[in-house]
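[1] Predicted model and sequence below, questions to follow.
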Amino acid sequence: QVQLVESGGGLVQAGGSLRLSCAASGRPFSNYDMGWLRQAPGKERELVAAVTWGGGSTYYTASVKGRFTISRDNTKNTVYLQMNSLKPEDTAVYYCAARIRARWILSSASGYDYWGQGTQVTVSS
């Protein structure tokens, strides 16, 4: 089992920044590729960003490229999502998730076995 706890969400004005963190515990963190997914009211959940187990490769959905950065620190068992130039359409509950490394292409939203509780991000216009 892997336990994931997100933090860092909140309310921010358009154009502002937030940094989400996700602390993992349980099995070795480096066994897992990590992703950030979000779900807005009335919309399907989407994969926002993902990073491979060693941090060497990343994926971003088109709407956040150039604004969001995913990173991880395996010494701290933590994955981050730096979000800059936030827009109202980024408003959603953001989830951190883990899946066994190297079983899925990075851009796939499938295969995530472990999930955090979610953190609300609200961007006001």
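    Received, thanks.
[2] distance between stretch 47-54 and the chain's centre?
    Relative to the chain's own centre, stretch 47-54 is displaced by 8 Å; criterion: Cα atoms, centre = their mean, to the nearest Å.
[3] gap between the two ends of stretch 51-59?
    7 Å (Cα to Cα, to the nearest Å).
[4] Residues in contact with that stretch: which ones?
    30-35, 47, 49-50, 70-72, 74, 79, 101-102, 106-107 (Cβ atoms under 8 Å, 6 or more residues apart in numbering). (C-beta placed from N, C-alpha, C; glycine too.)
[5] so Ser107, which of the three states?
    coil (DSSP: H, G, I helix; E, B strand; the rest coil).
[6] Look up how far Gln1 lies from it.
    Using Cβ to Cβ, to the nearest Å, we find Ser107 at a distance of 26 Å from Gln1.
[7] And for Pro28?
    Computed as Cβ to Cβ, the Pro28 to Gln1 distance reads 12 Å.
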